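Chemist: I'll drop the sequence and a predicted model, then ask my questions.
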Amino acid sequence: MENIKPKVAIIGTGNIGGAIARGLAQGTIIEASDITCSDHSQHLLDKLKAFNAGIEISVDNVKAVREADIVIIAVKPWVVKGVIDEVKTALDYERQIVVSIAAGVTFEQLLSYLARPSGFNRTTPPVFRVIPNTAIEVLSSMTFISACNASKEQTDLILRIFNELGNALLVDERLMMAGTALASSGIAFALRYIRAAIEGGVELGFYPNEAQEIVVHTVKGAVDLLLKNKSNPEQEIDRVTTPGGITIRGLNEMELSGFTSSVIRGLKASR
């Protein structure tokens with residue numbers, strides 16, 4: 001399946017569904033013309049069309065999924081069952097892969113929603129749970145993937161697609177909610193640090209736009225150090241801190257205010 005160009009249907013084009021569509025359209029594995037997006041909101045569909053005219057749009061979920069090889073369900077968790085009930089008799093479980101983006105909707109639930117009467121050749125399809133973050137639209141998502149009823153070839157294809165949109169990690173289903181906290185909600189947590197640092201920069205005398213540029217590039221530099229050196233954060237911190245220096249004083253003050261414990265508590269609360 002290395003050289004195939006899969007056709008993808010995305011049901012739901014809100015923040016994550018739309019981000020996936022834009023990310024896929026910028027990649028090399030799937031052609032923009034092979035992406036069909038369906039939503040009840042014409043406004044959201046028009047925004048995708050404006051982003052890339054090659055993307056097909058529809059307000060008809062059943063029509064959208066018929067020719068797809070991969071069907072991505074990117075709606076709110078409480079809408080998943082209704083969407084599946086609407087489209088499942090139009091799906092070909094022998095050739096189509098179903099991908100759910102809905103956090104908290106388990107394989108057990110998905111398979112029960114997708115189950116069809118015994119008269120069909122196959123009663124359940126290959127199913128994947130995928131949890132990306134919004135950075136997927138700039139090809140920089142940290143995405144968690146779990147597989148059920150899927151072959152190695154199908155799993156490799158889904159991994160390959162989402163690795164092109166950032167970094168994808170295959171995990172057991174039991175880790176999906178932890179992954180959501182660490183990487184999906186984690187985007188907001190990282191941005192909240194950036195916002196706080198920008199506000200601090202303004203207090204230190206920089207204009208807001210200057211402070212934002214400084215903080216964003218500083219955070220990018222910290223990430224690049226870890227990726228390039230494959231080092232532990234504490235190693236890089238030790239390289240910056242000197243005995244009696246200003247950095248260690250700042251770090252200690254942050255810890256006195258509960259910096260590390262508040263991050264950990266926030267992550268645990270988001271599971």
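Modeler: All right, it came through fine. Just so it is clear, the structure is predicted and the values come from calculations on it, not from any experiment.
Chemist: The longest strand out of those in the chain pairs with which strands, and in what direction?
Modeler: In the chain, taking DSSP state E as the definition, the longest strand is strand 141-148. Here strand 141-148 has these sheet partners by DSSP bridges: strand 127-131 (antiparallel), strand 166-170 (parallel).
Chemist: ranking those by burial, who's on top?
Modeler: The highest average neighbour count among the strands paired with strand 141-148, using mean count of other Cβ atoms under 10 Å, belongs to strand 127-131 at a mean of 25. Yep, even glycine has a C-beta here, placed from its N, CA and C like the rest.
Chemist: Quick one: distance of it to the chain centre.
Modeler: 10 Å (Cα atoms, centre = their mean, to the nearest Å).
Chemist: Which positions in the helix or strand in which residue 214 is found come out as buried?
Modeler: Using DSSP states H and E, residue 214 maps to helix 208-229. By 16 or more other Cβ atoms under 10 Å, the buried positions in helix 208-229 come out as 211, 212, 215.
Chemist: Could you find the closest non-adjacent residue to the second one?
Modeler: By the measure of Cβ to Cβ, 6 or more residues apart in numbering, the closest residue to residue 212 outside its immediate chain neighbours is residue 198, 5.1 Å from it.
Chemist: Next, count neighbours for the one you found.
Modeler: Neighbours of residue 198 under the rule other Cβ atoms under 10 Å: 20.
Chemist: right, and it touches residue 215 too?
Modeler: Yes: between residue 198 and residue 215 there is a contact at 5.2 Å, judged by Cβ atoms under 8 Å.
Chemist: just to revisit the earlier point, and the helix holding residue 214, what does it pack against?
Modeler: With contacts taken as 3 or more Cβ pairs under 8 Å, 6 or more residues apart in numbering; DSSP states H and E, helix 208-229 sits against helix 185-203, helix 233-240.
Chemist: Now the element after the shortest one, going C-ward?
Modeler: Using DSSP H and E, the helix or strand that follows helix 233-240 in sequence is helix 246-256.
Chemist: tell me the angle that next one makes with helix 233-240.
Modeler: Computed by axes from the mean of the first three to the mean of the last three Cα atoms, to 10 degrees, the angle separating helix 246-256 from helix 233-240 equals 140 degrees.
Chemist: quick one, helix 246-256 and helix 185-203 angle?
Modeler: Using the same axes, to 10 degrees: helix 246-256 against helix 185-203 is 120 degrees.
Chemist: got any ranges where this structure has weak pLDDT?
Modeler: 1-4, 118-122 (pLDDT under 70).
Chemist: What is the neighbour count of residue 187?
Modeler: 15.
Chemist: separation between the residue of the chain positioned farthest from its centre and residue 252?
Modeler: The C-alpha centroid of the chain is most remote from residue 244, which lies 41.8 Å away (Cα atoms, centre = their mean). Distance of residue 244 to residue 252, computed by Cβ to Cβ, to the nearest Å: 12 Å.
Chemist: With just CA atoms, put stretch 58-74 into CSV.
Modeler: Extracted as CSV, the C-alpha positions of stretch 58-74 are listed here (Å, rounded to 0.1, in the frame of the first residue of the first chain):
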residue,chain,number,x,y,z
SER,A,58,-20.9,18.0,0.8
VAL,A,59,-23.7,18.4,3.2
ASP,A,60,-24.7,14.7,2.6
ASN,A,61,-22.7,12.3,4.9
VAL,A,62,-23.9,9.2,3.0
LYS,A,63,-22.8,10.6,-0.4
ALA,A,64,-19.4,11.7,1.1
VAL,A,65,-18.5,8.2,2.4
ARG,A,66,-19.5,6.0,-0.6
GLU,A,67,-16.2,6.3,-2.6
ALA,A,68,-13.8,6.7,0.3
ASP,A,69,-11.2,4.2,1.4
ILE,A,70,-10.8,5.9,4.8
VAL,A,71,-13.8,7.4,6.6
ILE,A,72,-12.8,9.8,9.4
ILE,A,73,-15.5,10.6,11.9
ALA,A,74,-14.5,14.0,13.4
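Chemist: May I see the buried residues of that stretch?
Modeler: Buried, per 16+ other Cβ under 10 Å, within stretch 58-74: 58, 61, 64, 65, 66, 68, 69, 70, 71, 72, 73, 74.
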